[in-house]
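> Here is a sequence together with a model predicted from it:
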Amino acid sequence: MDGLRRGAHPKGGSHPLLAPNGRALHQSLVAMSLLLQLGAATALASTDPPAGFRLFAPNGPWNLRADEAPLQRAGDYEGTPTHDSAAYIDFLDEVVQETVIATSRWSLPLHFVDSRVTPGMTVGFTGEEGYDSGFLIRLNPVPIPAEAVSDPGETNHYPPSLSDIVPDRDLTDAHLCIIDVNRQVEYDFWHLVKDASGQWVASAGTSISTTGSGVIADVPPDEFLDYARGTAVPLAAGVILRQELAAGDIAHALLVTIPSSRNREGFYVWPGLRTDGYASDSRALPEGARLRLRWTEAEIEVRFQAGEISAAGRTIALALRRFGAYVVDNGGETHFGLQAQNISDVSGDHNHDAGSYGELLDLDEDGYASDLWMMRARDFEVVAFGYGRELAAVPAAGPRAAALLLIGLVLLVRGAGLATATPEGGRSPSRSVRT
């Protein structure tokens with residue numbers, strides 16, 4: 001078999017892939033599987049996704065197009081009476097005067113790492129009242145890059161327990177999201193800060209597979225013990241990446257925050273799993289609802305050619321038309337809020353430095369972009385609640401899943417006695433993959 005390892009044909013002149021024991025076939029398939037699963041273990045640019053990366057399954061809510069989805073009609077959603085799209089929009093339009101895009105404050109620091117290169121860190125518990133440390137059992141250790149800084153937010157939102165830990169820092173959600181492209185896992189944190197000793201501590205967090213539907217409920221119950229976002233959707237879902245703006249293409253749904261006076265209390269719809277809304281009026285929109293831009297693609301192009309919106313504004317507007325935006329949280333009282341990836345934290349001055357977004361977006365000193373300021377609530381419509389839920393329940397198999405299925409079939413055939421030899425070294429290489 002030394003000849004086979006050097007690529008020579010076995011005695012008798014048969015091709016290695018046709019050898020009776022199937023050893024060469026097995027070795028070739030194992031090698032292909034390892035390449036598909038592992039890739040090259042090289043350091044990533046922390047804020048840039050690797051080439052070809054796609055977050056969540058194509059049939060999940062975040063990647064499912066909605067430009068032809070039906071509108072919400074008055075009726076009943078899981079026992080709760082609902083209004084039609086026009087009623088919800090009219091109520092929103094009383095207060096929503098513009099649309100803003102956050103790139104620094106109230107945005108999301110999002111880092112892509114490879115856990116074979118970025119070492120894991122132990123995250124501690126803040127001790128914040130009303131929370132417990134159970135979620136850390138599943139998450140630790142977490143591959144947090146050295147340059148990471150959680151979202152600073154604004155002033156006057158300190159829980160007492162955290163003000164003792166970081167007395168000199170403005171804080172609200174203090175979100176941080178880490179995507180491990182090796183393990184295919186997203187780690188989400190809420191109230192994540194460094195204590196006096198330099199250790200990361202958090203009040204809540206969760207993890208989710210980056211190849212699943214993007215609905216946290218699809219994760220086995222023991223995989224998470226709390227959520228990082230109020231409506232319990234993944235932090236990275238719906239966030240605009242700088243790389244997407246630079247490329248001029250956003251091929252997924254966005255997230256949107258709405259005024260708390262228009263965020264329904266005690267009612268949420270799929271893919272939301274809970275709500276932190278405050279409004280008791282039945283016309284207030286539930287978290288998990290999907291808004292879609294009414295402008296046609298032709299109208300968006302006309303606005304761009306007329307100079308009404310920027311190139312980045314056109315890119316975002318097309319995403320809002322094709323995929324829409326899910327309501328995930330409370331925001332400013334007079335605007336819709338979109339959220340971009342916070343890349344300015346790497347520079348150190350994460351409160352005011354908008355990093356390299358300046359060449360793409362029209363930013364103020366706090367990193368808010370006004371490229372779509374003219375969009376009001378009346379420019380949107382509400383997609384039927386729960387649209388795409390049935391489709392998302394069907395597993396989507398990508399190239400990696402297909403390769404693993406092929407490996408499984410080959411091993412099954414071998415186990416049935418059609419291939420008799422066992423490869424040298426015993427079991428084929430494998431690794432633990434969280435699903």
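Sure, I can see it.
> contacts and neighbour counts: CA atoms only from here.
Will do.
> I'd guessed Gly386 sits against Val269; true?
Yes - using CA atoms under 8 Å, Gly386 makes contact with Val269 at a distance of 6.3 Å.
> where in the stretch 101-250 of the chain is pLDDT low?
Scanning the stretch 101-250 of the chain with the threshold set as pLDDT under 70 gives 152-172, 217-225.
> quick one, helices of it?
Here the stretch 101-250 of the chain has its helices, by DSSP state H, counting those that start in this stretch, at 135-139, 160-165, 242-247.
> can you give me phi and psi for Gly324?
For Gly324, the backbone dihedrals (degrees, to the nearest 10) come out as phi 80, psi -170.
> so how many other residues sit close to it?
Other residues lying near Gly324 total 32 when counted by other CA atoms under 10 Å.
> Kindly report the same for the one 4 residues further on.
With neighbours defined by other CA under 10 Å, the count for Val328 comes to 33.
> Need the phi and psi values for it.
Taking degrees, to the nearest 10, you get phi -120, psi -10 for the backbone angles of Val328.
> dump the residue contacts of it.
Val328 makes contacts with 229-231, 233, 255-257, 272, 287-288, as judged by CA atoms under 8 Å, 6 or more residues apart in numbering.
> hmm, 6 Å instead?
For Val328, the residues meeting the contact criterion (CA atoms under 6 Å, 6 or more residues apart in numbering) are 231, 257, 287.
> Just name the closest of those residues to Ala369, please.
Ala369 has its nearest neighbour among the contacts of Val328 in Thr257, at 14.9 Å by CA to CA.
> Gly331 is in contact with that closest one, correct?
Yes - applying CA atoms under 6 Å, one finds Thr257 in contact with Gly331, separated by 4.9 Å.
> Quick one: mean pLDDT for the helix or strand hosting Glu381?
Secondary structure here is read from DSSP states H and E; on that basis Glu381 sits in strand 380-382. Taken as a whole, strand 380-382 has a mean pLDDT of 98.
> What pairs with it, parallel or antiparallel?
strand 290-293 (antiparallel) (DSSP bridges).
> Surely Val256 touches Ala340?
No - with contact defined as CA under 6 Å, Val256 and Ala340 do not form a contacting pair (10.7 Å).
> all strands for the stretch 151-300 of the chain, in order.
Taking DSSP state E, counting those that start in this stretch to define them, one finds strands in the stretch 151-300 of the chain at 176-180, 185-190, 193-194, 200-202, 204-209, 254-259, 263-268, 285-287, 290-293.
> Most tightly packed of those strands?
Compared across the strands of the stretch 151-300 of the chain, strand 285-287 shows the largest average neighbour count, a mean of 32 (mean count of other CA atoms under 10 Å).
> which secondary structure elements does it contact?
For strand 285-287, the helices and strands in contact under the criterion 3 or more CA pairs under 6 Å, 6 or more residues apart in numbering; DSSP states H and E are strand 263-268.
> Now do the strand it packs on against strand 254-259, angle only.
Orientation note: strand 263-268 sits at an angle of 120 degrees relative to strand 254-259 (axes from the mean of the first three to the mean of the last three CA atoms, to 10 degrees).
> average pLDDT for strand 263-268?
96.
> Kindly report the same for stretch 87-98.
Taken as a whole, stretch 87-98 has a mean pLDDT of 97.
> picking that back up, which one's more surrounded, Gly386 and Val269?
The residue with more neighbours, out of Gly386 and Val269 and counting by other CA under 10 Å, is Val269; that gives 21 against 17.
> Report the buried residues of whichever helix or strand comes after the strand holding Glu381.
Tracing the chain C-terminally past strand 380-382 and defining elements by DSSP H and E, one meets helix 389-392 next. Of the residues in helix 389-392, those buried by neighbour count under the rule 16 or more other CA atoms under 10 Å are Ala392.
> can you check stretch 233-243 too?
Of the residues in stretch 233-243, those with enough neighbours to count as buried (16+ other CA under 10 Å) are 233-242.
> my guess is Asp362 contacts Ala369, does it?
Yes - A contact is recorded between Asp362 and Ala369 when judged using CA under 6 Å, the distance being 5.2 Å.
> between these two, which one's more packed in?
Per other CA under 10 Å, whichever of Asp362 and Ala369 has more neighbours is Ala369, with 25 against 17.
> how near is the residue lying closest to Gly332 once chain neighbours are set aside to Phe380?
Using CA to CA, 6 or more residues apart in numbering and skipping the chain neighbours, the partner closest in space to Gly332 is Pro259 (5.3 Å). Shown here: Pro259 relative to Phe380, a distance of 15 Å by CA to CA, to the nearest Å.
> Over to Ala317?
Distance, Ala317 to Phe380, by CA to CA: 11 Å.
> Please apply the same query to Ala251.
Here the criterion is CA to CA. By it, Ala251 lies 19 Å from Phe380.
> Ok, Gly358 next?
Separation of Gly358 from Phe380 (CA to CA): 27 Å.
> Identify the residues contacting Ser213.
Contacts were defined as CA under 6 Å, 6+ apart; by that measure Ser213 touches 56-57, 60.
> Surely Gly205 touches Ala228?
Yes - in this structure, Gly205 is within contact of Ala228 by CA under 6 Å, at 5.1 Å.
> which residues are common contacts for those two?
Here Gly205 and Ala228 share the contacting residues 188-190, scored by CA under 6 Å, 6+ apart.
> Could you dump those into CSV with distance to Val100 added?
Putting the shared contacts of Gly205 and Ala228 into CSV (distance: CA to CA, whole Å) gives the following:
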residue, distance to Val100
Asp188, 24
Phe189, 24
Trp190, 23
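> tell me the pLDDT at Trp62?
The predicted local distance difference test score for Trp62 is 97.
> Need the three-state assignment for Gly60.
Recorded secondary structure, Gly60: coil (DSSP: H, G, I helix; E, B strand; the rest coil).
> Quick check: it vs Gln341, distance?
When CA to CA is applied, the distance between Gly60 and Gln341 equals 21 Å.
> do the same with Glu128
Where Gln341 is concerned, Glu128 sits at a distance of 27 Å (CA to CA).
> Look at the two and report which has more neighbours.
The residue with more neighbours, out of Glu128 and Gln341, is Gln341; 24 against 16, by other CA under 10 Å.
> Contact partners for that one?
Applying CA under 6 Å, 6+ apart, the residues contacting Gln341 are 108-109, 240-241.
> And those, which is closest to Ala298?
Distance to Ala298 across those (CA to CA) is lowest for Ile240, with 22.4 Å.
> before we move on, the earlier item: distance to Gln97 for the strands of the stretch 151-300 of the chain - can I get that in TSV?
Shown next, in TSV, are the strands of the stretch 151-300 of the chain (distance: least, CA to CA, whole Å):
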stretch	distance to Gln97
strand 176-180	29
strand 185-190	29
strand 193-194	34
strand 200-202	35
strand 204-209	33
strand 254-259	11
strand 263-268	16
strand 285-287	17
strand 290-293	15
